[in-house]
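K.L.:
Test case, fold it:
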Amino acid sequence: MAKQSSLFNFFPKSPPPVSSKTKPGPSPTEADLPSSVKKSNSSPKEEAKQTPQQHSSNISLSVPSPSSPTCPLNGGALVWTKLEGHPWWPCMVIPQPLTGQQMRGKGRSQRIHVHFFDEPPTRGWVSTKYVKEYKGSNHSDAKSGGAFFSGKPVIRRAMELADDALSDSPENRLKMPLCMDPSDDEDDDEEMEVTLGFLTDEDEYKNEDVKSPKVSRRSSRASKDDGNKAKRRRIVLDSDSGSDDEFKPDQAASSSEDEEEGEVVSEEEGEEEEKEESEADSPVKPVKRKRPAEKSSSSKAKTPSVPANTPKRAPAAVKVDTKSRLSAFSAPETFESQEKGSGASGGPIVWDHEKLDWLQDGRRKDGRRRRQSEEDYDPSSLYVPDDFLNRVTPGMRRWWQLKSKMLDTVIFYKVGKFYELYHMDAVVGVNELGLTFMKGTWAHSGFPEIGFARFSDGLVQKGYKVARVEQTETPEMMEARCKTLLRPTKFDKVVRREVCRIITRGTQTYSVLDGAPSESQSKFLLSLKEKAEEESSGRCRTYGVCFVDTSVGYFHVGQFPDDRHCSRLRTLIAHFAPAEVLFEKGNPSAETRKILKASLSSALQEGLNSGTQFWDAQKTLKTFSEEDYFRETSGKDQETGRSFLPPLVKKMTSESDSLGLTPKEGYELALSALGGCVFYLKKCLVDQELLSMANFEEYIPVDVEMENAAGTASFFAQTRQRMVVDGVTLANLEIFQNGSGGLEGTLLERLDTCCTPFGKRLLKHWLCAPLCNPASIKDRLDAVEDMMAAPAQSAEVSDLLKTLPDLERLLSKIHSIGTLKGQDHPDSRAVLYEEVTYSKRKIADFLSALEGFKTMQEIISVLAPVAEETRSTLLRQVVTRKTEKDGLFPDLSGELRRWETAFDHQKARTTGVISPKTGFDAEYDQALTSIKRCERELQEYLDKQKKRLGFKNMAYWGTGRNRFQMEVHDSVSERNIPEEYEVKSTKKGWKRYVTKESERLFAELQGFEEKRDAALKDCMRRLFFNFDKNYKDWKTGVECMANKKILQYIK
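P.N.:
Reported below is the predicted structural model:
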């Protein structure tokens, strides 16, 4: 909770002139007081004297104050609450123990008093907009992936305390031990007192300006009734909490191109911010200063005494216009006030972008100048007038140019070491992420580069699109570019910035910049195309579908007919629930759109323009041919004709077309749906890294016989002899979701005890299509029985399985890092200031994958005796190596030994740089060999010159680009110095020479050193690329272990 302060708080406040005719208006300070606080010019003691009813120290917690606003929640209600910048915390609604007040404030500033379950317990005021019902720790919202999930021990302990209180009645809950100490809000708001000093007539005559008195933090209840002491006036500022973990505007002022006015922060605020950072996880910050216990207890039981009859003098007045000017420096009263800002008068600020006529709703045009009322209006683009672009700064001009193409996207715009949000994006950042507005008339906020994962994921989970815009030039590169221009303009003299990634809920790849995934289940991007036909029996339709899990890079493509109830489509979206849906504008029928809207209400749905965005089958195949996505896989087994296409795509092309540019009959819709998906991935700049994996599998509805289609690529994905469980059945039986949309009580929740994400995903797939073949069911039960017959091995394997990371997603990450991004990809030119941190993350992920596969090898060794005696074919396949009978698990021992000696793992983990050992990286080894050869030739040349001059102490001197200068003593006669010797430098008693031959050898050495540095810089990518060459073996091992894991936990 950042305390509110303004400069005029430190000036004495004068009472308004007494008049019997007119009532003076409130001063700027009084105007900011809450409505529940009585505005009076008398001292607290005088008010107490005039009040007939005295406050009691023993106030019942169940009786709220009559003056408090009506509370929507009764005392004792259990809720989730949070303070800005802090996690959600289990709480209980209680009246304020000193006043009995349960609610205060009105409108957006309304807050409720709660008891935080903690050890020891704390309490405080929280905004009512951050109050949600608490339904227990077993509810889906409190579990992994839920809105209130947290793995922190203190919050888990708080949930246990809340669960214990959940079974009690609200009346019994109020009888539990509660916090009676003053909360931070009471320290910050109710007990801020401004000491008013006395001024004599002489002092007033000599001093026209009044000096600010010191601020006292003493409690009024602990103060003594001393008539000789200065009178005190209490000023209550109703403040909300703030986040200290966010972007500080004054820190970013130096990195921004357009200089902004820095915030004025007092020394006291700075000290408090340091304290707040250490308590970031606590629901209520610790009390800064406690009152003496003896004074506090005695003051509660006492009635305010009559003030002494001492002469009183009114404090010096501060002019209203002075207060008005000083209030401009005050912090916003509440977090909500930042949404529109607050000016000097406390009124809302109209941001500069809200004043633009061409940006107003109803007058806006898209990129092709079509109005909002027109049918083909594109809401994702914006027309920005040229005269406006010419008036703004170069950096802001570039932002508007990008925004005109991505109006529906929040742009994280890199400026120096910070990502900054401007105009309407800044408003979204403040409202959704709790960022802070910077000073100025235009909306502006931001955060450091290292916080990208946190803030981008926060927006993506709420349904926003996020564009990461990076600087792709350094200032030096910009200056060199400007020198090549004949007449560079001011718009040229700014570093280039390009969109390097667009992230949506269905295209998250969880790269090193994006951070770790928040949930284990897959999030699919679904592309759909429909063809409707009239038949005598009713309306029949055919669907072409393509859905992909971008976190693992696996594409499912298929085409199938469906009945008038769309049974197969309903089943598909129930089995593979998409997070985002793409369709061709005007293509899906009204019935299909109705199904998508009803069944996927929380999924993002976007229509693409026909032809240009949602490609047809011919354009999809043509793009595959031109982009050459599969050059790495096609190079392994070169064939004639269509070698650039993966097997499934080849199957969907016409056999008569050797170039593979004509779709096969019956697959036109499938290839068109694939084209819409590829376009969207290309727009998000992840097409190359995902398609180059060439992971394509045909989607066949579960009710279609397997014999009618070709076999699938994966052994474990076959649907033969499986039960058809459609979407309606899954919903009615509550297999994956209960009636309220959560996991509580579902079959998946009861069965899912898998500890690795890839095991959880496979278990869900099993539940979608359970076995119905008796032989297969018996084989699976035999596997479970055999595992139960070996308890020692089973226990050891269970412990080893718990240590496995999400290898399926790690393999996709390693492939993405190892993929060579061409110079046309802007991410290859991005200037990142946290490059070392990202490199360490890449190495940590890679080493984690290696450790995981070592653990898998150990599991296979432990289960070797069980595999020899098992009756189950399934268990024998997944725990036996390929080299043995019926085995499917690949032998990874040779590759793991190779990678164990490839480089120094610990050094790479700590430094973020991989230096391969000799014999592992050919380019690096070749550069080292050439360097050694050049150094040997230079040494041989020096030996020849020693003999030629007859001077044995001759040696090379120099560093950097001045190396290899031959140093000769002055004792050598000038007549013996050859003519080709050129003096390069001298020192007392010595001269240093170079020759054309030595310069040639040195230039050759420098060239090889540059090659070595370039090879070392690209070494990590090449190492990951070499690891990815065996992707099929690594992936098969993961599939085998996922099946073994589920059998283990079924046991």
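K.L.:
mind listing the strands for the stretch 301-450 of the chain?
P.N.:
Assigned strands in the stretch 301-450 of the chain, in chain order: 409-415, 418-422, 444-448 (criterion: DSSP state E, counting those that start in this stretch).
K.L.:
Need the ones you listed in JSON lines (columns: mean neighbour count).
P.N.:
Quick note: C-beta positions are derived from backbone N, CA and C, even for glycine. Converted to JSON lines, the strands of the stretch 301-450 of the chain look like this (neighbours: other Cβ atoms under 10 Å):
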{"stretch": "strand 409-415", "mean neighbour count": "23"}
{"stretch": "strand 418-422", "mean neighbour count": "25"}
{"stretch": "strand 444-448", "mean neighbour count": "24"}
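K.L.:
closest one to residue 606 among the ones you listed?
P.N.:
Nearest to residue 606 among the strands of the stretch 301-450 of the chain is strand 409-415 (11.8 Å), distances taken as Cβ to Cβ.
K.L.:
can you list contacts of the closest one?
P.N.:
252, 255-257, 380, 395, 399, 402-403, 419-422, 425, 428-429, 446, 449, 452, 455-456, 459, 464-471, 497, 502 (Cβ atoms under 8 Å, 6 or more residues apart in numbering).
K.L.:
could the strands of the stretch 301-450 of the chain go into CSV alongside mean pLDDT?
P.N.:
As requested, those are arranged in CSV below (pLDDT from 0 to 100):
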stretch, mean pLDDT
strand 409-415, 96
strand 418-422, 96
strand 444-448, 95
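K.L.:
Out of the contacts of strand 409-415, which end up buried?
P.N.:
252, 256, 395, 399, 402-403, 419-422, 425, 428-429, 446, 449, 452, 455-456, 459, 464-471, 497, 502 (16 or more other Cβ atoms under 10 Å).
K.L.:
which ones among these are found in helices?
P.N.:
252, 395, 399, 402, 403, 425, 428, 429, 452, 455, 456, 459 (DSSP state H).
K.L.:
Got the confidence number for the fourth one?
P.N.:
Translated: residue 402. Note on residue 402: pLDDT of 96.
K.L.:
now do the last one
P.N.:
Residue 459 carries a pLDDT score of 95 in this model.
K.L.:
just checking, residue 702 touches residue 724?
P.N.:
Yes. Using Cβ atoms under 8 Å, residue 702 is in contact with residue 724, at 5.1 Å.
K.L.:
list residues touching both of the two?
P.N.:
571, 769.
K.L.:
quick one on the thing from earlier: can I get the ones in helices among the buried ones among the contacts of strand 409-415 in JSON lines including distance to residue 532?
P.N.:
Converted to JSON lines, these look like this (distance: Cβ to Cβ, whole Å):
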{"residue": "252", "distance to residue 532": "54"}
{"residue": "395", "distance to residue 532": "50"}
{"residue": "399", "distance to residue 532": "44"}
{"residue": "402", "distance to residue 532": "39"}
{"residue": "403", "distance to residue 532": "38"}
{"residue": "425", "distance to residue 532": "40"}
{"residue": "428", "distance to residue 532": "39"}
{"residue": "429", "distance to residue 532": "43"}
{"residue": "452", "distance to residue 532": "44"}
{"residue": "455", "distance to residue 532": "43"}
{"residue": "456", "distance to residue 532": "39"}
{"residue": "459", "distance to residue 532": "37"}
